[in-house]
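Peer 1: Sequence and predicted structure are below.
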Amino acid sequence: MKKKVYSVILLVISLIHLIPFYILLTMAFKDKADLSSKWAFPKSLYLDNFVNAWKSANMGRAFLNNIIITVISTALIILFSSMAAYPLARRKTKLNTFVYTAIISCMIVPALTILVPLYKIMADLGGISSYWGIIAVQVTFMLPLSTFLYTGFIGTLPGELDEAALIDGKSRLGVFYTIIFPILKPITATVIILCGVNVWNDYQFSVFFLQKNSMKTIPVALNSFFSMYQSQVNWLAAGCLMASLPLVIAFLVLQKQFVKGLSSGAVKL
(Lines give C-alpha, C1' and ligand atoms only; values in the text may rest on other atoms or scores of the structure.)
Protein backbone atom coordinates (compact mmCIF):
# COMPACT_ATOMS: atom_id res chain seq x y z
CA MET A 1 0.00 0.00 0.00
CA LYS A 2 2.82 2.39 0.92
CA LYS A 3 4.56 1.72 -2.38
CA LYS A 4 1.41 2.67 -4.29
CA VAL A 5 1.09 5.89 -2.30
CA TYR A 6 4.72 6.76 -2.97
CA SER A 7 4.26 5.99 -6.66
CA VAL A 8 1.23 8.29 -6.85
CA ILE A 9 3.12 11.07 -5.06
CA LEU A 10 6.10 10.71 -7.41
CA LEU A 11 3.75 10.73 -10.42
CA VAL A 12 2.08 13.94 -9.21
CA ILE A 13 5.45 15.61 -8.60
CA SER A 14 6.62 14.56 -12.08
CA LEU A 15 3.49 15.99 -13.69
CA ILE A 16 3.95 19.28 -11.83
CA HIS A 17 7.49 19.53 -13.21
CA LEU A 18 6.33 18.65 -16.73
CA ILE A 19 3.55 21.26 -16.85
CA PRO A 20 5.88 24.24 -17.54
CA PHE A 21 7.65 22.23 -20.25
CA TYR A 22 4.30 21.38 -21.87
CA ILE A 23 3.24 25.04 -21.89
CA LEU A 24 6.64 25.93 -23.36
CA LEU A 25 5.99 23.48 -26.20
CA THR A 26 2.53 24.85 -26.92
CA MET A 27 3.82 28.43 -27.02
CA ALA A 28 6.81 27.54 -29.19
CA PHE A 29 4.64 25.97 -31.91
CA LYS A 30 1.85 28.57 -31.92
CA ASP A 31 1.47 31.61 -34.11
CA LYS A 32 1.35 34.89 -32.19
CA ALA A 33 -2.09 35.49 -33.66
CA ASP A 34 -3.35 32.25 -32.10
CA LEU A 35 -5.19 33.42 -28.98
CA SER A 36 -6.30 29.97 -27.82
CA SER A 37 -5.53 28.74 -24.32
CA LYS A 38 -1.90 28.04 -23.45
CA TRP A 39 -3.04 24.57 -22.40
CA ALA A 40 -4.36 23.76 -25.88
CA PHE A 41 -1.77 22.25 -28.19
CA PRO A 42 -1.80 23.89 -31.66
CA LYS A 43 -3.60 22.05 -34.44
CA SER A 44 -0.76 22.86 -36.84
CA LEU A 45 2.89 23.44 -35.96
CA TYR A 46 4.10 27.00 -36.60
CA LEU A 47 7.85 26.60 -37.16
CA ASP A 48 8.55 30.23 -38.06
CA ASN A 49 9.00 30.96 -34.35
CA PHE A 50 12.24 28.97 -34.40
CA VAL A 51 13.50 30.73 -37.53
CA ASN A 52 12.61 34.17 -36.17
CA ALA A 53 14.17 33.42 -32.79
CA TRP A 54 17.39 32.15 -34.41
CA LYS A 55 17.76 35.20 -36.64
CA SER A 56 16.50 37.96 -34.32
CA ALA A 57 18.59 36.97 -31.31
CA ASN A 58 21.66 35.98 -33.37
CA MET A 59 21.40 32.55 -31.78
CA GLY A 60 24.19 31.11 -33.90
CA ARG A 61 26.75 33.42 -32.34
CA ALA A 62 25.17 33.00 -28.90
CA PHE A 63 25.42 29.20 -29.19
CA LEU A 64 29.09 29.47 -30.15
CA ASN A 65 29.78 31.73 -27.16
CA ASN A 66 27.95 29.36 -24.84
CA ILE A 67 29.84 26.33 -26.12
CA ILE A 68 33.26 28.01 -25.78
CA ILE A 69 32.57 29.35 -22.29
CA THR A 70 30.87 26.20 -20.97
CA VAL A 71 33.38 23.68 -22.35
CA ILE A 72 36.50 25.55 -21.23
CA SER A 73 35.00 26.49 -17.84
CA THR A 74 33.86 22.94 -17.12
CA ALA A 75 37.23 21.47 -18.13
CA LEU A 76 39.10 23.87 -15.84
CA ILE A 77 36.64 23.24 -13.00
CA ILE A 78 37.20 19.48 -13.28
CA LEU A 79 40.99 19.88 -13.43
CA PHE A 80 41.39 22.32 -10.53
CA SER A 81 38.75 20.90 -8.18
CA SER A 82 39.81 17.25 -8.59
CA MET A 83 43.46 18.13 -7.93
CA ALA A 84 42.48 20.24 -4.89
CA ALA A 85 40.17 17.53 -3.55
CA TYR A 86 42.79 14.78 -3.67
CA PRO A 87 45.04 16.07 -0.84
CA LEU A 88 42.01 17.34 1.10
CA ALA A 89 40.51 13.85 1.13
CA ARG A 90 43.73 11.89 1.63
CA ARG A 91 45.61 14.04 4.19
CA LYS A 92 43.21 14.90 7.00
CA THR A 93 45.35 17.45 8.81
CA LYS A 94 44.06 20.46 10.71
CA LEU A 95 45.22 22.76 7.91
CA ASN A 96 43.38 20.71 5.28
CA THR A 97 40.26 20.64 7.42
CA PHE A 98 40.41 24.42 7.74
CA VAL A 99 40.92 24.84 3.97
CA TYR A 100 38.04 22.46 3.24
CA THR A 101 35.76 24.34 5.64
CA ALA A 102 36.75 27.66 4.03
CA ILE A 103 35.95 26.26 0.57
CA ILE A 104 32.55 24.99 1.69
CA SER A 105 31.81 28.33 3.35
CA CYS A 106 32.18 30.04 -0.04
CA MET A 107 29.15 28.09 -1.26
CA ILE A 108 26.79 30.05 1.00
CA VAL A 109 27.99 33.49 -0.15
CA PRO A 110 25.53 34.95 -2.71
CA ALA A 111 27.40 35.93 -5.85
CA LEU A 112 25.53 39.21 -6.22
CA THR A 113 26.86 40.49 -2.89
CA ILE A 114 30.36 40.84 -4.35
CA LEU A 115 29.34 41.71 -7.91
CA VAL A 116 30.35 45.39 -7.70
CA PRO A 117 33.94 44.86 -6.46
CA LEU A 118 34.29 41.88 -8.79
CA TYR A 119 33.23 44.00 -11.75
CA LYS A 120 35.72 46.70 -10.75
CA ILE A 121 38.54 44.15 -10.59
CA MET A 122 37.67 42.63 -13.96
CA ALA A 123 37.36 46.08 -15.54
CA ASP A 124 40.83 47.02 -14.25
CA LEU A 125 42.23 43.77 -15.66
CA GLY A 126 40.53 44.29 -19.03
CA GLY A 127 38.35 41.21 -18.66
CA ILE A 128 35.01 42.79 -19.60
CA SER A 129 33.49 41.34 -22.80
CA SER A 130 36.23 38.73 -23.08
CA TYR A 131 36.18 34.95 -22.97
CA TRP A 132 38.94 34.68 -20.38
CA GLY A 133 37.18 37.15 -18.06
CA ILE A 134 33.82 35.36 -17.92
CA ILE A 135 35.54 31.95 -17.79
CA ALA A 136 37.63 33.07 -14.79
CA VAL A 137 34.49 34.24 -13.00
CA GLN A 138 32.54 31.05 -13.77
CA VAL A 139 35.39 28.77 -12.69
CA THR A 140 35.89 30.71 -9.45
CA PHE A 141 32.26 30.44 -8.39
CA MET A 142 31.86 26.78 -9.39
CA LEU A 143 35.04 25.50 -7.71
CA PRO A 144 33.60 25.23 -4.15
CA LEU A 145 30.74 22.95 -5.24
CA SER A 146 32.90 20.75 -7.45
CA THR A 147 35.66 20.50 -4.83
CA PHE A 148 33.05 19.48 -2.26
CA LEU A 149 31.76 16.72 -4.55
CA TYR A 150 35.22 15.42 -5.49
CA THR A 151 36.44 15.44 -1.88
CA GLY A 152 33.47 13.37 -0.76
CA PHE A 153 33.92 10.85 -3.56
CA ILE A 154 37.69 10.47 -3.17
CA GLY A 155 37.13 9.95 0.56
CA THR A 156 35.23 6.74 -0.25
CA LEU A 157 38.16 5.25 -2.18
CA PRO A 158 40.53 2.92 -0.26
CA GLY A 159 43.93 4.39 0.59
CA GLU A 160 45.58 1.11 -0.37
CA LEU A 161 45.32 2.16 -4.01
CA ASP A 162 47.69 5.05 -3.38
CA GLU A 163 50.08 2.99 -1.26
CA ALA A 164 50.39 0.25 -3.88
CA ALA A 165 51.12 2.78 -6.62
CA LEU A 166 53.68 4.61 -4.47
CA ILE A 167 55.46 1.34 -3.75
CA ASP A 168 55.66 0.76 -7.51
CA GLY A 169 57.58 4.03 -7.79
CA LYS A 170 54.89 6.46 -8.93
CA SER A 171 54.87 10.05 -7.70
CA ARG A 172 51.85 11.57 -5.93
CA LEU A 173 50.91 13.35 -9.15
CA GLY A 174 51.34 10.11 -11.08
CA VAL A 175 49.13 8.28 -8.60
CA PHE A 176 46.42 10.87 -9.03
CA TYR A 177 46.40 10.93 -12.85
CA THR A 178 46.93 7.21 -13.51
CA ILE A 179 45.07 5.60 -10.60
CA ILE A 180 42.64 7.99 -8.93
CA PHE A 181 41.38 10.24 -11.74
CA PRO A 182 40.16 7.39 -14.01
CA ILE A 183 38.05 6.11 -11.08
CA LEU A 184 36.38 9.51 -10.74
CA LYS A 185 34.20 9.10 -13.85
CA PRO A 186 30.87 8.99 -11.93
CA ILE A 187 31.54 12.16 -9.93
CA THR A 188 33.09 13.82 -12.98
CA ALA A 189 29.83 13.23 -14.84
CA THR A 190 27.99 14.79 -11.90
CA VAL A 191 30.27 17.83 -11.97
CA ILE A 192 29.86 18.17 -15.74
CA ILE A 193 26.07 18.21 -15.43
CA LEU A 194 25.76 20.41 -12.33
CA CYS A 195 28.46 22.94 -13.19
CA GLY A 196 27.94 22.76 -16.94
CA VAL A 197 24.23 23.51 -16.61
CA ASN A 198 24.95 26.43 -14.28
CA VAL A 199 27.49 27.93 -16.67
CA TRP A 200 25.31 27.30 -19.74
CA ASN A 201 22.25 28.95 -18.15
CA ASP A 202 24.11 31.75 -16.38
CA TYR A 203 22.56 35.19 -16.71
CA GLN A 204 23.69 37.17 -13.68
CA PHE A 205 27.37 37.23 -14.67
CA SER A 206 26.93 37.20 -18.44
CA VAL A 207 24.69 40.26 -18.52
CA PHE A 208 27.31 42.33 -16.65
CA PHE A 209 30.61 40.94 -17.93
CA LEU A 210 29.66 40.35 -21.59
CA GLN A 211 28.45 43.70 -22.87
CA LYS A 212 29.35 43.47 -26.57
CA ASN A 213 26.63 42.11 -28.88
CA SER A 214 29.11 39.65 -30.37
CA MET A 215 29.82 38.21 -26.90
CA LYS A 216 26.23 37.66 -25.75
CA THR A 217 25.34 34.22 -24.46
CA ILE A 218 21.99 32.51 -25.01
CA PRO A 219 20.22 33.73 -21.82
CA VAL A 220 21.24 37.33 -22.55
CA ALA A 221 20.31 37.02 -26.23
CA LEU A 222 16.86 35.62 -25.38
CA ASN A 223 16.25 38.56 -23.07
CA SER A 224 16.19 40.80 -26.16
CA PHE A 225 12.71 39.49 -26.99
CA PHE A 226 11.33 41.63 -24.16
CA SER A 227 11.30 45.40 -24.31
CA MET A 228 9.21 48.36 -23.17
CA TYR A 229 7.15 48.30 -26.35
CA GLN A 230 6.79 44.63 -27.28
CA SER A 231 7.29 41.05 -26.15
CA GLN A 232 7.79 38.02 -28.35
CA VAL A 233 6.76 35.21 -26.01
CA ASN A 234 6.45 32.65 -28.82
CA TRP A 235 9.94 33.42 -30.10
CA LEU A 236 11.28 33.20 -26.57
CA ALA A 237 9.66 29.78 -26.06
CA ALA A 238 11.19 28.54 -29.31
CA GLY A 239 14.60 29.92 -28.30
CA CYS A 240 14.38 28.24 -24.90
CA LEU A 241 13.63 24.90 -26.52
CA MET A 242 16.65 25.20 -28.80
CA ALA A 243 18.85 26.27 -25.89
CA SER A 244 17.77 23.30 -23.76
CA LEU A 245 18.53 20.62 -26.38
CA PRO A 246 22.30 20.39 -25.67
CA LEU A 247 21.60 20.04 -21.94
CA VAL A 248 19.02 17.30 -22.50
CA ILE A 249 21.41 15.38 -24.75
CA ALA A 250 24.26 15.74 -22.23
CA PHE A 251 22.07 14.47 -19.40
CA LEU A 252 20.84 11.46 -21.40
CA VAL A 253 24.44 10.52 -22.21
CA LEU A 254 25.72 10.96 -18.64
CA GLN A 255 22.66 10.07 -16.55
CA LYS A 256 23.93 6.66 -15.33
CA GLN A 257 27.26 8.08 -14.20
CA PHE A 258 25.45 11.11 -12.75
CA VAL A 259 23.22 9.01 -10.49
CA LYS A 260 26.16 6.82 -9.46
CA GLY A 261 28.26 9.87 -8.63
CA LEU A 262 25.56 11.40 -6.45
CA SER A 263 24.95 8.18 -4.55
CA SER A 264 28.65 7.43 -4.01
CA GLY A 265 29.89 10.82 -2.85
CA ALA A 266 29.48 10.49 0.88
CA VAL A 267 31.61 13.07 2.68
CA LYS A 268 34.14 11.46 4.99
CA LEU A 269 36.40 14.35 5.82
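Peer 2: Structure received.

Peer 1: Kindly provide the distance from the closest residue to Asn201 other than its chain neighbours to Asn65.
Peer 2: Excluding the flanking residues, the one nearest Asn201 by C-beta to C-beta, 6 or more residues apart in numbering is Pro219, at 6.2 Å. Glycine gets a C-beta too; all of them are placed from N, C-alpha and C. When distances are taken as C-beta to C-beta, to the nearest Å, Pro219 and Asn65 turn out to be 11 Å apart.

Peer 1: The two - which one has more neighbours?
Peer 2: Asn65 (22 against 19; other C-beta atoms under 10 Å).

Peer 1: about what we covered before: so for the helix or strand hosting the residue nearest to Asn201, mean pLDDT?
Peer 2: Counting by DSSP states H and E, the element that carries Pro219 is helix 218-222. For helix 218-222, the mean pLDDT works out to 89.

Peer 1: need the contact list for Phe208.
Peer 2: For Phe208, the contacting residues are Leu115, Tyr119, taking C-beta atoms under 8 Å, 6 or more residues apart in numbering as the criterion.

Peer 1: buried ones in the host helix or strand of it?
Peer 2: Of the helices and strands defined by DSSP H and E, Phe208 is found in helix 206-209. Residues of helix 206-209 classed as buried: Ser206, Phe208, Phe209 (neighbour count, 16 or more other C-beta atoms under 10 Å).

Peer 1: got these as CSV, with pLDDT columns?
Peer 2: CSV is the format used below for the buried residues of helix 206-209 (pLDDT from 0 to 100):
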residue, pLDDT
Ser206, 91
Phe208, 89
Phe209, 92
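
Peer 1: of the residues you listed, closest to Tyr119?
Peer 2: When those are compared for distance to Tyr119 (C-beta to C-beta), Phe208 comes out closest, at 6.0 Å.

Peer 1: Give me the distance between that closest one and Tyr150.
Peer 2: Taken as C-beta to C-beta, the spacing of Phe208 relative to Tyr150 amounts to 29 Å.

Peer 1: what's the answer for Thr190, then?
Peer 2: If you measure Thr190 against Tyr150 using C-beta to C-beta, the figure is 9 Å.

Peer 1: for Ile187, same thing?
Peer 2: Distance, Ile187 to Tyr150, by C-beta to C-beta: 6 Å.

Peer 1: do Leu118 as well
Peer 2: Leu118 sits 25 Å away from Tyr150 when distances are taken as C-beta to C-beta.

Peer 1: Ala164 too?
Peer 2: Ala164 sits 21 Å away from Tyr150 when distances are taken as C-beta to C-beta.

Peer 1: Give me the more crowded residue out of the two.
Peer 2: Between Ala164 and Tyr150, counted using other C-beta under 10 Å, Tyr150 has the larger neighbour count: 29 against 13.
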